[in-house]
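Asks: Return atomic coordinates for the entry below.
(2 chains)
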Amino acid sequence: MTASTARRWQFRQPSVIPGFGLALGVTLSWLFLIVLIPLSGLVWRTSALGWPAFWSLATDERTVNALRISFGTAFAAAAVNVVFGVILAWVLVRYKFPGKRIIDAVVDLPFALPTAVAGIALTAIYAPNGWIGSLLAPLGIKVAFTPLGIVIALVFVGLPFVVRTVQPIMEEIDKEVEEAAATLGATRFQTISRVLLPGLAPAVLTGFALAFARGVGEYGSVIFIAGNLPYVSEIAPLLIVIRLEEFNYPAATAIAAVMLIISFAMLLIINLIQAWSRRRYGYGA
Amino acid sequence: MEVRVQNIRKEFGRFPALNDVSLDIRSGELIALLGPSGSGKTTLLRLIAGLESPTEGTVYFGEEDASKKTVQERNIGFVFQHYALFRHMTVLDNVSFGLKVRPGSRRPPAAEIRARALELLDLVQLSGLEKRYPAQLSGGQRQRVALARAMAVEPNVLLLDEPFGALDAQVRKELRRWLREIHDRTGHTTVFVTHDQDEALELADRVVVMSKGSIEQVGTPDEIYDTPNSPFVFGFIGESNIIPVRVENGQLWIEDRSIGLSAAGEPDGPAQLYFRPHDIELLDGCGGCIAGIVTVSRRVAGTRHVELDIGAANCKVEIELPPEKAATDKSRIAFRPTRWRLFRDVPNENRTPAQV
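Replies: I've put the predicted structure just below:
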């Protein structure tokens, strides 16, 4: 890589498997058809609004609240998932126990389950008269129909993203690295915090980004558990649907455009951090 | 520091990896654990390190019983075959890790840690590379970082597990010589594991030959090579020939021919004659010698390796000759071993354990 970039940049490089031009062509046309054309339609509709109209729609108080709830809960859920996802992945990678395969398979369920089903099930459990909700109610903790409920739904849908991105990297960790740390006098805590986790950082960051992105876009499970109170527990995707049902297309496109911009900016930043840390840690060098 | 291993036994499940192994390692000594794979040499090293715990037996560091101590408390330096460097840390951070993780009371000030790490990098000839990451180094450089990292904690004993196993031959030779230099300069008690006899014989003060979870022989490289005390050591170290012979009235016989070697005091009966290809003298006539027909002749660097068919039970023998000595196919060569050992056919299990 470094040798070729040092030379003049070349479009075509001889390789064992030729077809760079064809592959790139297919990739780009596919990306255009599936992703870029629909999104540019969105941008085009938004730009037709004109700046003042767009700004007033985007800064509408209900919209701002919906966006804050969407991004805030997605961030919180992704953060929770990082902690428990890493622990779960660790258990799956490091230990052998009966039923391990089943737990491994259960991790993928949120991928496959219709999110509405998840939403209804979570609501039933966390509602004030549900199994867990009835235990939390005396403590004054309300889960269902509050932002906390949204976070729980998003934790559910985002969990496999963290586990599945961290797991393969964890499997690659050489046991000798931990032993080396121990022989040098590092305690178990120091081995984990100074040796293992920093090595996992790029993968954890990827998992976080995926879980976060999934959380921002999630609709099905959230609308059942959120209660959907405007200004309190109404997420941006739901507000878009509401606006569409009111035939208020400009407002819907404006919210969608803001979401698009924020999401893109955040994912870009995460990707840059990741590229930096990967290079630093010598992956892909 | 002096390290004593006393009557160590280790089982993995039902599988015995070490049987009653005892070994005294002297302070400041460079000692090699040599054996084929599965001989228990790595297990013994890991037991000394505390990375495994013995099923039975004790490990002493000096006068202190180290068996109950954890790896962290033993203060050892361990170098792994595949380096096991921390890849998210620079070379400098790798080397200073052992000092940085010390509890506050025993941790030197940051500037001192840095100075010490740089000094070690200088010792392993990696000055100027302290800001690199392990991925940016060659295999030989990585192993030198690993050694510097292990030495940074001033270990009681330095343990190396096949330290040069993953490197190519050229680098391996260079690092071997260099490790000996480092050892002579720093004087750490050092134990290293290898399956490469050249490495063990060239590098170590003493060599411990292991097989099937037991120690076969302990001695200086000269002792191990010149006076192997068991058929295993004879066969494992260097090249060797084995000819079935018969002892009769203190003389050795191959079938019906006397070979002119006397074994006074040996009881009559069948035995195995062991000798090295280069420990022979050529004879002109044959009144008491081993004679054979040349089947293969190869020139290997400064010597000629000749395979002989000596007739007895179609037994193949290989000897080394000076290259100027012609050895055409089918020609007849007569020789007699100048240095040899006789081993009786005793089943392996009943052999008396090697004296340690």
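
Asks: burial measure for A:Thr73, as a count.
Replies: Applying the criterion other Cβ atoms under 10 Å in any protein chain shown, we find 26 residues in the vicinity of A:Thr73. C-beta coordinates here come from the backbone N, C-alpha and C atoms, glycine included.

Asks: can you map out the helices along the stretch 101-250 of chain B?
Replies: Counting by DSSP state H, counting those that start in this stretch, the stretch 101-250 of chain B has helices at residues B:110-123, B:139-151, B:169-186, B:197-203, B:221-226, B:231-236.

Asks: What angle do helix B:110-123 and the third one make with each other?
Replies: Just to be clear, that refers to helix B:169-186. Taking axes from the mean of the first three to the mean of the last three Cα atoms, to 10 degrees, helix B:169-186 and helix B:110-123 form an angle of 130 degrees between their directions.

Asks: Check which residues of helix B:169-186 are buried.
Replies: The neighbour-count criterion (16 or more other Cβ atoms under 10 Å in any protein chain shown) identifies B:Val171, B:Arg172, B:Leu175, B:Arg176, B:Leu179, B:Arg180, B:Ile182, B:His183 as the buried residues of helix B:169-186.

Asks: tell me what it is packed against?
Replies: helix B:110-123, helix B:139-151, helix B:197-203 (3 or more Cβ pairs under 8 Å, 6 or more residues apart in numbering or on different chains; DSSP states H and E).

Asks: okay, the helices of the stretch 101-250 of chain B in TSV with mean pLDDT next?
Replies: Putting these into TSV (pLDDT from 0 to 100) gives the following:
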stretch	mean pLDDT
helix B:110-123	91
helix B:139-151	90
helix B:169-186	87
helix B:197-203	89
helix B:221-226	90
helix B:231-236	89
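
Asks: Switch those over to CSV; also include distance to A:Ala89.
Replies: Converted to CSV, the helices of the stretch 101-250 of chain B look like this (distance: least, Cβ to Cβ, whole Å):
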stretch, distance to A:Ala89
helix B:110-123, 33
helix B:139-151, 28
helix B:169-186, 37
helix B:197-203, 40
helix B:221-226, 49
helix B:231-236, 45
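
Asks: burial measure for the residue in chain B that chain A sits nearest to, as a count.
Replies: For chain B and chain A, the shortest gap (Cβ to the nearest Cβ) falls at B:Ala135, measuring 2.5 Å. B:Ala135 is surrounded by 16 other residues when neighbours are defined as other Cβ under 10 Å.

Asks: Then B:Val209?
Replies: The tally of other residues near B:Val209 (other Cβ under 10 Å) stands at 28.

Asks: Could you do A:Val16 as well?
Replies: The criterion is other Cβ under 10 Å. On that basis, A:Val16 has 4 neighbouring residues.

Asks: who's in contact with it?
Replies: The neighbourhood of A:Val16, defined by Cβ atoms under 8 Å, 6 or more residues apart in numbering or on different chains, contains no residues.

Asks: Which of the three states applies to it?
Replies: Remark: A:Val16 carries the secondary structure label coil [criterion: DSSP: H, G, I helix; E, B strand; the rest coil].

Asks: what's the most buried one of the helices of the stretch 101-250 of chain B?
Replies: Taking mean count of other Cβ atoms under 10 Å in any protein chain shown as the contact definition, the stretch among these with the greatest mean neighbour count is helix B:139-151, which reaches a mean of 24.

Asks: For that one, name the packing helices and strands.
Replies: Contacts defined by 3+ Cβ pairs under 8 Å, 6+ apart place helix B:139-151 against helix A:175-183, strand B:77-79, helix B:91-100, helix B:110-123, strand B:158-161, helix B:169-186.

Asks: redo that, cut-off 7 Å
Replies: With contacts defined as 3 or more Cβ pairs under 7 Å, 6 or more residues apart in numbering or on different chains; DSSP states H and E, the secondary structure elements packing on helix B:139-151 are strand B:77-79, helix B:91-100, helix B:110-123, helix B:169-186.

Asks: With just CA atoms, put it into CSV.
Replies: C-alpha atoms of helix B:139-151 as CSV (Å, rounded to 0.1, in the frame of the first residue of the first chain):
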residue,chain,number,x,y,z
GLY,B,139,10.5,-10.3,13.4
GLY,B,140,14.0,-10.0,14.8
GLN,B,141,13.4,-6.5,16.0
ARG,B,142,10.1,-7.5,17.7
GLN,B,143,11.9,-10.3,19.6
ARG,B,144,14.5,-7.9,20.8
VAL,B,145,11.8,-5.5,22.0
ALA,B,146,10.3,-8.5,23.9
LEU,B,147,13.6,-9.2,25.5
ALA,B,148,14.1,-5.6,26.5
ARG,B,149,10.6,-5.6,28.0
ALA,B,150,11.3,-8.7,30.0
MET,B,151,14.6,-7.4,31.3
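
Asks: Show me the contact partners of stretch A:180-195.
Replies: Taking contacts as Cβ atoms under 7 Å, 6 or more residues apart in numbering or on different chains, the residues outside stretch A:180-195 that touch it are A:177-178, B:49, B:71-72, B:75-78, B:80, B:84, B:86, B:97-98, B:101-102, B:149, B:153.

Asks: Pull the contacting residues for the residue nearest in space to the middle of chain A.
Replies: For chain A, A:Ala211 is the residue whose C-alpha lies nearest the centre (Cα atoms, centre = their mean; 2.1 Å). Taking Cβ under 7 Å, 6+ apart as the contact definition, A:Ala211 lies against A:Ala77, A:Ala78, A:Asn81, A:Gly158, A:Phe161, A:Val162.

Asks: Now do A:Ala213, the pLDDT please.
Replies: The predicted local distance difference test score for A:Ala213 is 91.

Asks: meant to ask about A:Tyr283
Replies: Looking at A:Tyr283, its pLDDT reads 56.

Asks: next one: B:Leu85
Replies: Looking at B:Leu85, its pLDDT stands at 90.

Asks: Can you tell me the closest non-neighbouring residue to it?
Replies: For B:Leu85, the nearest residue in space outside its immediate sequence neighbours is B:Pro134; the separation is 4.2 Å by Cβ to Cβ, 6 or more residues apart in numbering or on different chains.

Asks: The one you found: neighbour count?
Replies: Number of residues near B:Pro134 (other Cβ under 10 Å) recorded here: 22.
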